[in-house]
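# A predicted structure for the sequence below; I have some questions about it.
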Amino acid sequence: MEKEILIRNYNHGEEEEIVNFLNLCYGKWGDINKWKYRYLSYPTFDKDNISILEYEGKIIGHGGIHFREMILPNGAILVGLLGDGAIHPNFRGMKLHSRILRHRFEIACLKSAPLVFGWTLKGSDAYKSDVRAGFVEIKQLPAYIKIIRPEKVLKASLKDFLAKNQRVRKVFQETDFDMIFQFKEHTFSIQSIIATPKTLTFSEKDYVKIIYNEKAIKHLVNFRNMSKVKRILSLIYLLIFMKIRVKIGSIRMFFKTVLKGWTLVKTL
Amino acid sequence: MLKRYSGDEIIIRNYSESDLDEIIKLYSTFQNLPYAYLSKDENFIKYYLKHYNVNADSVLVSVKDSQITGFAIIAITIEDDVKYGNVIEFQAIDSQSAEKLIQKVEEYCSKKDVDAIIVALPPHLQKQKPIFLKQWVSFNPNIMIAKCVSPFNLLKQLFSTNNKLKKRIEGKSVIFRIDGVAYKVNSIKDGVDIDIVQLSEIPKNKLIIDLTSQNLTKILFGKLNIVLAIITGKVKVNTIRKIGFVVKLLNDLRITDAVYVSPGDLV
């Protein structure tokens, strides 16, 4: 089957199909205006910059690369910037991500760009795959965020974290209790942000409530991109210094939390 | 009619097309900084201004004594039901202009009822966290990763643009063995010449530096200590006599410790 999958560059007129495909893979990727801005309007855009995987006339893979000069303290260098890598859910696990990545490396070589850059979520499935492909993590100057509604930002951040970490997601899907996050009067539960329907049922007392305050936000907002050790140390710090409090529904739940907590720590 | 916001000395107003030339000049403040960044010429500034969520009133400029001292492009985006005030491009020559601009960005975003505001300050304002960002949290939504896809082109571009490297190699020739392929870096009259050579063709007395492209990338971005890399065998050198030269050469290969990327650069 892999041989029947063609790899080619983008053709004019495919815009809508590509946007629909990206929305299928990413959930809410965006609309045609976003795509046109990201690609057609990009100052160095060339149709070779979009790689498409095709199977039986349908798009099953997508990957973008833009070329741009990077200014260095001593000179300048042409670099490739990778983005929007996506594989159709039915075709995952067939090493197609590596195939479309290698194709973009070849394009970079043809354009004499010796370095390619990408952005990914630390510890995510994509990150692990990129490390296997030879990528190394480099330091980026920090951005700054002013959080006005912590409950919304944290929920979105956690949703993204779970979507990109299948093992952590699986642990939550298999638990027979719910984890509730509370900031002031706002609450949300982990089960409500896991999109797949929950088959397990649990009673009202089967919950672990995590109550966090403003001082915990700084740590929680960066939790996604921490290393495993840093994540664990950060959680210990938050608990010791009472930035987060844990409330458990019943004594039975306490033992359940200890058991599941250990499994969760291993997958972080 | 342009909206005007008064400050002590610095005025914040909306952008007009005639400001473009002055805005481009602002980027010269990046020079002589130890960071790498993506080039931002007229085409890219125009590109940021065309963002699908940027409006006429969401581009602000700071003016001091009739000179433009900074600018900010705000795009209001909604991701996962969270409304972000995304400052896709921000530039200011000094912290006073940056502070005034940030105040106006916050006012604008507050009117738009956003849930969070994101900004990346230019590198010269990042030596330490500015006081005016006291209530902001330092973060990176994603981590940046890099890969060397063509060691030949990389060596060629680095040795032809970096004068320090050119000087270091003057009158010498070095073999880099990267992922098993040998690249001969030779000093010539007008600069540096690079060739791919067969290992069997290399005379025994030639200096060979053996490393992987992954470790080369780590060296470029200051993620690998050269001396430790030699001790641990991540970088192999065929002769101990030239270790000092190798350490200096590999140190010169380091291009930066950190990269500056604004939210508008993320693709």
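Thanks, I have the structure now.
# going forward, measure contacts between C-alpha atoms and count neighbours the same way
OK.
# dump the residue contacts of A:Leu239.
A:Leu239 sits next to A:Arg245 when contact means CA atoms under 8 Å, 6 or more residues apart in numbering or on different chains.
# please point out which parts of the helix or strand it falls within sit buried.
Per DSSP states H and E: A:Leu239 is located in helix A:228-240. Buried residues in helix A:228-240, defined by neighbour count with 16 or more other CA atoms under 10 Å in any protein chain shown: A:228, A:231-232, A:234-235, A:238.
# figure out how far it is from the centre of its chain.
Its chain's C-alpha centre and that of helix A:228-240 lie 21 Å apart, by CA atoms, centre = their mean, to the nearest Å.
# swap in stretch B:158-173?
Taking mean C-alpha positions (CA atoms, centre = their mean), stretch B:158-173 and its chain are 22 Å apart.
# report the rounded mean pLDDT for that stretch.
Stretch B:158-173 comes out with an average pLDDT of 89.
# ends of it, what's the gap?
This stretch, stretch B:158-173, spans 15 Å end to end (CA to CA, to the nearest Å).
# which residues touch the nearest residue to A:Gly75 once chain neighbours are set aside?
With CA to CA, 6 or more residues apart in numbering or on different chains as the criterion, A:Gly75 has its nearest non-adjacent residue at 5.0 Å, and that residue is B:Thr161. B:Thr161 is in contact with A:74-76, counting by CA under 8 Å, 6+ apart.
# can you give me the strands in the stretch 51-200 of chain A?
For the stretch 51-200 of chain A, the strands defined by DSSP state E, counting those that start in this stretch cover A:58-72, A:75-87, A:115-120, A:136-138, A:143-147, A:178-183, A:186-189.
# just the buried positions in the first one, please.
Within strand A:58-72, the residues that qualify as buried are A:59-68, A:70-72, counting by 16+ other CA under 10 Å.
# where does the prediction get shaky in the stretch 101-250 of chain B?
Judged by pLDDT under 70, the stretch 101-250 of chain B has no weakly predicted residues.
# for it, what spans make up the strands?
Counting by DSSP E, counting those that start in this stretch, the strands of the stretch 101-250 of chain B are B:116-119, B:137-139, B:143-148, B:173-178, B:181-188, B:191-197, B:207-211, B:236-237.
# then the longest one to CSV, C-alphas only?
What follows is strand B:181-188 as a C-alpha-only set of coordinates in CSV (Å, rounded to 0.1, in the frame of the first residue of the first chain):
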residue,chain,number,x,y,z
VAL,B,181,30.8,11.5,4.8
ALA,B,182,34.1,13.4,4.6
TYR,B,183,34.1,17.2,3.8
LYS,B,184,37.4,18.8,3.1
VAL,B,185,37.5,22.4,4.2
ASN,B,186,40.5,24.1,2.5
SER,B,187,41.7,27.6,2.8
ILE,B,188,42.3,29.2,-0.6
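# tell me the helices and strands packed up against it.
Packing contacts for strand B:181-188, counted by 3 or more CA pairs under 8 Å, 6 or more residues apart in numbering or on different chains; DSSP states H and E, involve helix B:163-169, strand B:173-178, strand B:191-197.
# give me the domain ranges for chain A.
Following the assignment in automatic domain parsing, chain A carries domains at A:2-119, A:150-267.
# looking at those, which is buried most?
domain A:2-119 (a mean of 18; mean count of other CA atoms under 10 Å in any protein chain shown).
# off-centre distance for that one?
For domain A:2-119, the distance to the chain centre is 17 Å (CA atoms, centre = their mean).
# same thing with stretch B:55-72?
23 Å.
# contacts for it?
So stretch B:55-72 is contacted by B:9-15, B:19, B:22-23, B:26, B:49, B:73-75, B:87-94, B:97-98, B:100-101, B:105, B:108 (CA under 8 Å, 6+ apart).
# contact partners for B:Lys147?
By CA under 8 Å, 6+ apart, the neighbours of B:Lys147 are A:115-117, A:134-136, B:213-214, B:217.
# between the helices and strands packed on strand B:181-188, which one is closest to chain A.
Ranking those by proximity to chain A (CA to the nearest CA) places helix B:163-169 first, at 7.5 Å.
# what's that closest one packed up against?
helix B:151-161, strand B:181-188, helix B:243-253.
# ok, now how distant is A:Glu56 from chain B?
29 Å (CA to the nearest CA, to the nearest Å).
# again with A:Ile5
Distance from A:Ile5 to chain B, by CA to the nearest CA: 24 Å.
# chain neighbours aside, what residue packs nearest to that residue?
Distance criterion CA to CA, 6+ apart; nearest residue to A:Ile5, sequence neighbours excluded, is A:Tyr55 at 4.9 Å.
# and the pLDDT at the one you found?
95.
# what do you get for A:Pro197?
On the pLDDT scale, A:Pro197 gets 52.
# so how far is A:Glu174 from the spatially most central residue of chain A?
Centroid-nearest residue in chain A, with CA atoms, centre = their mean: A:Lys164, separated by 4.1 Å. Remark: distance between A:Lys164 and A:Glu174 (CA to CA) = 17 Å.
# rebuild the domains of chain A as JSON lines, extending it with distance to B:Gly233.
As requested, the domains of chain A are exported to JSON lines (distance: least, CA to CA, whole Å):
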{"stretch": "domain A:2-119", "distance to B:Gly233": "24"}
{"stretch": "domain A:150-267", "distance to B:Gly233": "26"}
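# what pLDDT does B:Arg254 get?
Reported pLDDT for B:Arg254: 93.
# that one against B:Asn215, yeah?
No: counting by CA atoms under 8 Å, B:Arg254 does not reach B:Asn215; the two are 11.5 Å apart.
# which of the two has more neighbours?
Set B:Arg254 next to B:Asn215 and count neighbours by other CA atoms under 10 Å in any protein chain shown: B:Asn215 wins out with 22 against 19.
# thinking the more buried one is in contact with B:Ile230, fair?
No: B:Asn215 is beyond contact range of B:Ile230, at 11.2 Å (criterion: CA under 8 Å).
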